[in-house]
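Novice: Structural data only, the sequence is not supplied:
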């Protein structure tokens, strides 16, 4: 039922498309009551009517159509496939507050580009609770040029600018930080004012607060780090460090070990499971590595090595704890009278499979501080035979040839041949 008003010269007839049932008498009345409704017989089922030219009741099913069977509205189409089907563009205004230019899912903001008036703007937020409507900043880049895609991305950002957060809760705590990139679930999650950071992977740089210029590429890479200028590439790389700057960890679990120094700077660990135990330290490979192969010449302390291995140090001193050049550590050998330490081995010429000479430190008393040198050479031409000690310099400075315990400055265990002999 309803009330229909028309001009006094208009009559209800089938010719003008109006058919009334249950109408009261007086067809020329300006206000006619219909008890059984009004049927517009010239209209198509599903038409959404509007006032056309001169106020005429009109329909345009190609651009506006209601599918009453499936409860679907089509804009730009007469065959809507969804509850709302739009063929064409949708324009919404710029977001200036929570009630203008926002697309919601239920009661929660979902898509908007909020920025304060007077700032550069150019923000994009997509995801439940992404961004906010409370950013600060009054002019320029403050609170501008941010992109947040995912639930709670850049949730409390204030003046932070030029940040990119992709993934659930990426950069969720950021307030003033800028030029950060966070890709992954809770990447740079706790960051507040840190800037110029790049985090790729779930939990990457999770705990960083104000650290700057860090790069973490891998799940949980640098997860607990709060320092600056750190680089970690690989799953859990650098996860054990908490503070310190300018570290590099490359490889799965590099820098993730109970023995990794947590407060470390300027260290580098390369390889799966490699870790550093001091600042200014470089470690290549984990403890399971048995070979490290390097091509070319290696210079230690020099940029111009003259041989395959060149070590440049400082002048030798007699101080017991001052090592200035090549140092061979026998700390892994059990100390005992007569025990050999770690030596320098020499291979046979023309092959790489046989040791035929060596210079080795040897403890020559019960005191481990008494260390001499033993010289080994090949005993015969049989390749499988071991080398033999033929000369020793004792800890007291005595030289023995053919003797292991020389009692004088020079003691020879055997015959002497000489072309001349001079005594003084």
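Specialist: That came in fine, so what should we check first? In this text, all values refer to a predicted model and were calculated from it rather than measured experimentally.
Novice: Does residue 235 touch residue 223 like I think?
Specialist: No: Residue 235 lies out of contact with residue 223 (Cβ atoms under 8 Å); the separation is 10.8 Å. Yep, even glycine has a C-beta here, placed from its N, CA and C like the rest.
Novice: if you count what's nearby, which of the two comes out ahead?
Specialist: Ranked by neighbour count (other Cβ atoms under 10 Å), residue 235 and residue 223 place residue 223 first, with 28 against 19.
Novice: if I pick that one, what's in contact with it?
Specialist: 203-207, 216, 236, 239 (Cβ atoms under 8 Å, 6 or more residues apart in numbering).
Novice: Okay, and the nearest residue to residue 232 once chain neighbours are set aside sits in which element?
Specialist: Spatial nearest neighbour of residue 232, excluding adjacent residues (Cβ to Cβ, 6 or more residues apart in numbering): residue 238 at 3.4 Å. Assigned by DSSP states H and E, residue 238 belongs to no helix or strand.
Novice: Residue 73 too?
Specialist: Per DSSP H and E: strand 72-75 holds residue 73.
Novice: Any chance you could list what contacts that strand?
Specialist: When contacts are defined by Cβ under 8 Å, 6+ apart, strand 72-75 is touched by residues 48, 63-67, 80-88.
Novice: In the chain, what helix or strand scores lowest on average pLDDT?
Specialist: The weakest-scoring helix or strand in the chain, judged by mean pLDDT, DSSP states H and E, is strand 2-5 (a mean of 46).
Novice: how far away is residue 354 from residue 144?
Specialist: From residue 354 across to residue 144, the span is 71 Å (Cβ to Cβ, to the nearest Å).
Novice: Comparing those two, which residue is more hemmed in?
Specialist: Between residue 354 and residue 144, counted using other Cβ under 10 Å, residue 144 has the larger neighbour count: 21 against 14.
Novice: and that one, how far is that from residue 162?
Specialist: Residue 144 is 8 Å from residue 162, by Cβ to Cβ.
Novice: go on, residue 338?
Specialist: Relative to residue 162, and taking Cβ to Cβ, residue 338 is found at 70 Å.
Novice: Between these two, which has more neighbouring residues?
Specialist: When neighbours are counted by other Cβ under 10 Å, residue 338 and residue 162 differ, and residue 162 comes out ahead with 17 against 11.
Novice: residues touching the more buried one, list them.
Specialist: Contacts of residue 162 by Cβ under 8 Å, 6+ apart are 141, 144-146, 178-179.
Novice: List the beta-bridge partners for residue 249.
Specialist: residue 232, residue 269 (DSSP bridges).
Novice: ugh, typo on my part, it should be residue 73
Specialist: Bridge pairing for residue 73 - DSSP bridges - gives residue 66, residue 84.
Novice: And residue 119, by the same measure?
Specialist: Residue 119 has these beta-bridge partners by DSSP bridges: residue 140.
Novice: Please look at it and residue 137 and confirm they touch.
Specialist: Yes: judged on Cβ under 8 Å, residue 119 makes contact with residue 137 at a distance of 5.2 Å.
Novice: got any residues that touch both of these two?
Specialist: Common neighbours of residue 119 and residue 137 (Cβ under 8 Å, 6+ apart) are 143-144.
Novice: Residue 411 is in contact with residue 403, correct?
Specialist: Yes: shown here, residue 403 and residue 411 form a contact pair, counting by Cβ under 8 Å, at 5.4 Å.
Novice: now residue 328: how far from residue 344?
Specialist: Separation of residue 328 from residue 344 (Cβ to Cβ) stands at 7 Å.
Novice: so where is the protein shaky, pLDDT-wise?
Specialist: Counting by pLDDT under 70, the chain has low-confidence residues at 1-38, 41.
Novice: one more time with 80, if that's ok
Specialist: By pLDDT under 80, the weakly predicted segments of the chain are 1-42, 137-138, 381, 383, 424.
Novice: before we move on, the earlier item: ok, so of the contacts of residue 162, who is nearest residue 172?
Specialist: Ranked by distance to residue 172 (Cβ to Cβ), the contacts of residue 162 are led by residue 146 at 12.7 Å.
Novice: from what I can see residue 217 touches residue 205, true?
Specialist: No: counting by Cβ under 8 Å, residue 205 is not a contact partner of residue 217; they are 10.1 Å apart.
Novice: Who has more neighbours out of the two?
Specialist: residue 205 (35 against 19).
Novice: residues in contact with the more buried one?
Specialist: Contacts for residue 205 (Cβ under 8 Å, 6+ apart) come out as 182, 187-188, 191, 197, 199, 211, 214, 216, 221-223, 225.
Novice: Using ChimeraX, define a selection of the buried residues within those residues.
Specialist: To isolate the buried ones among the contacts of residue 205 in ChimeraX, judged by 16 or more other Cβ atoms under 10 Å, type:
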select :182,187,188,191,197,199,211,214,216,221,222,223,225
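Novice: ok, so of the contacts of residue 205, who is nearest residue 158?
Specialist: residue 191 (13.0 Å).
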